[in-house]
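Q: how does the following fold in three dimensions:
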Amino acid sequence: MVGPELLLLLLGALVVTALARRLNWPAPLVLVAVGLVVSFIPGVPEFELDPHLILLVVLPPLLYSAALDSSYLNIRANLRPIGLLAVGLVLFTTLVVGVTAKLVFPDLPFAAALVLGAVVAPPDAVAAVAIGRKLGLQRRAMTLLVGESLINDATALTAFKVAVAAAAGTAMHPAEGVGLFLLVTAGGIAVGLVVGVVVRFLRRRLCEGVLESALGLLVPFGAYLIAEEVAHVSGVLAVVVAGLYVGHHSPRGKYSTRLQDAAVWRALDALLEAFVFALIGLQVSAIISDVDLNAALLLGAGAVLLATILARFVWMYPATYIPRYLSKRLRERERPPHLGQVTVIAWAGMRGVVTLAAAAAIPPEVPGRDVIVFCAFVVTIATLLVQGTTLPWLIGKIGYAGDDARQDALAEAQVQHRAAQAAVTRLDEEVDDVPEHVRDQLRSLAEHRGNAAWERLGRQEEESPAAAYRRLRRVMLGAERDEFIRARDKGEIDDEVLFRVLRELDLEEAALSRE
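A: Now for the predicted structure:
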């Protein structure tokens, strides 16, 4: 898939995405549906999915971008439930789907059935997160969905490697499988931390935001290749950890880099997500042509789909409530989970790019490969279209939207008041020979920002021809920025609040810095 065909696919996917956003429809689901229809049009070229392209070129930047925007503090605070989803649920789904596949396809070896289970085990939260943010889903639910999607790929791909080895006749002992999982997990985390530290060190010493952003574009590919090809550990975890580390420390970097990074990664995300979801739909006709389509195959694929969906529900409720029942410490430390939140997360188990890549990467010597690939695509298409289209209805029916906006506004106003005071204090410490009316104007501006935060009023860009005004305002902005970062590190405000305020400060500083 190169040349004009790839260009047409990318262009068509972007056009469909633009149309879906204009109509206020979920773009990933529209792309899948359009790709599905287009795949059956005579004369449309067959777009063969290259698993190496997905795992090396598409997946790392998508994971890295998501990690950059994620809150390390929120993920750390919810590491236990995220681990139950990203590790426990993936392995549970692998086993349930494997047993189901063996029952409905008796000729399929159990090891091959487990390959199918590992392929369909990891959900892709891109569509679910987009819908949840649009409908104002509570932040903790969003954190669980994002955290799960960042980590579960590593679990599923490791389980996939073990199952493929068993199906291909090179089975390893279960203890070896556990050891392999622990090794690639710890190794991936270590590589990601090293890459993150090195990248932060280099970016702090580069003199231009353009060079910092250029270096940032290399990070996901470098972390993945170092982990997979050099250290032979989890490249997915290396990319995620590097992204979380760099993203957590980005508020202390240059404002120009943050503004540029945001634009670059949003554009790249839009392009790659459009490509991936369009490619999912375009695979359907080719997959169908590779199998002997009959009632037994369709019923078996339906059973696998049902097992995939139900496994998530069977796991979610006990994993959510039993630990709280058994542990008094958990009951004291964590708020009781809302039943609506659990139900929404259980239904948000749509499959996507990793399932696609893993299915295409199954070696030809694995028995029943065509059946496994067909079932994997049925699960992917059905969960995206069925669960994806009904998730907004479910959220609206349950009425489970959070009050995070009100709490964020209060926390932001409290810290903004301190930030304004810090800016005024820093201004008073300046002993430059600056006209008093300039100081009064700057002091009034800082006080206005502090008062406006209580009313949730937006700031407008301030422009001044005076060099002194621009220089001193940058000093004050630095003081405000430092205060918000300290509040984030202390847990007084959420990362979303910090990023929103930083963008306001960065835009103002960018306006001040124009020639």
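Q: show me the helices in the stretch 401-515 of the chain, by range?
A: Secondary structure of the stretch 401-515 of the chain (DSSP state H, counting those that start in this stretch): helices at 404-429, 436-455, 467-489, 495-512.
Q: which of those helices sits closest to residue 54?
A: helix 495-512 (29.1 Å; C-beta to C-beta). The way it works is simple: take the backbone N, C-alpha and C, and place the C-beta from them, glycine included.
Q: now the closest one against helix 467-489, angle please.
A: Using axes from the mean of the first three to the mean of the last three C-alpha atoms, to 10 degrees, the direction of helix 495-512 lies 170 degrees away from that of helix 467-489.
Q: residues near residue 296, how many?
A: Counted with other C-beta atoms under 10 Å, the neighbours of residue 296 add up to 10.
Q: how about CSV for the helices of the stretch 401-515 of the chain, with mean neighbour count added?
A: Listed next are these as CSV, based on neighbours: other C-beta atoms under 10 Å:
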stretch, mean neighbour count
helix 404-429, 17
helix 436-455, 16
helix 467-489, 18
helix 495-512, 19
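Q: in JSON lines: those helices, plus distance to residue 34 and mean pLDDT.
A: Rendered in JSON lines, the data for the helices of the stretch 401-515 of the chain read as follows (distance: least, C-beta to C-beta, whole Å; pLDDT from 0 to 100):
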{"stretch": "helix 404-429", "distance to residue 34": "34", "mean pLDDT": "72"}
{"stretch": "helix 436-455", "distance to residue 34": "44", "mean pLDDT": "67"}
{"stretch": "helix 467-489", "distance to residue 34": "41", "mean pLDDT": "84"}
{"stretch": "helix 495-512", "distance to residue 34": "32", "mean pLDDT": "84"}
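Q: which of those helices sits closest to residue 39?
A: helix 495-512 (38.6 Å).
Q: about what we covered before: in CSV: the helices of the stretch 401-515 of the chain, plus distance to residue 139.
A: Converted to CSV, the helices of the stretch 401-515 of the chain look like this (distance: least, C-beta to C-beta, whole Å):
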stretch, distance to residue 139
helix 404-429, 5
helix 436-455, 20
helix 467-489, 14
helix 495-512, 7
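Q: among the ones you listed, which is nearest residue 67?
A: With distances scored as C-beta to C-beta, the stretch of those nearest to residue 67 is helix 495-512 (12.2 Å).
Q: from residue 166, how far out is the residue most central in space within the chain?
A: For the chain, the residue whose C-alpha lies nearest the mean C-alpha position (C-alpha atoms, centre = their mean) is residue 66; its distance is 3.7 Å. For residue 66, the distance to residue 166 (C-beta to C-beta, to the nearest Å) stands at 31 Å.
Q: before we move on, what about residue 487?
A: If you measure residue 487 against residue 166 using C-beta to C-beta, the figure is 51 Å.
Q: chain center to the helix or strand containing residue 140, what's the gap?
A: Assigned by DSSP states H and E, residue 140 belongs to helix 139-167. Relative to the mean C-alpha coordinate of its chain, helix 139-167 is positioned 12 Å out (C-alpha atoms, centre = their mean, to the nearest Å).
Q: what's the angle between it and helix 495-512?
A: Taking the same axes, to 10 degrees, one finds that helix 139-167 is oriented at 100 degrees with respect to helix 495-512.
Q: tell me which helix or strand comes right after helix 139-167.
A: Under the assignment DSSP H and E, the closest C-terminal helix or strand after helix 139-167 is helix 174-205.
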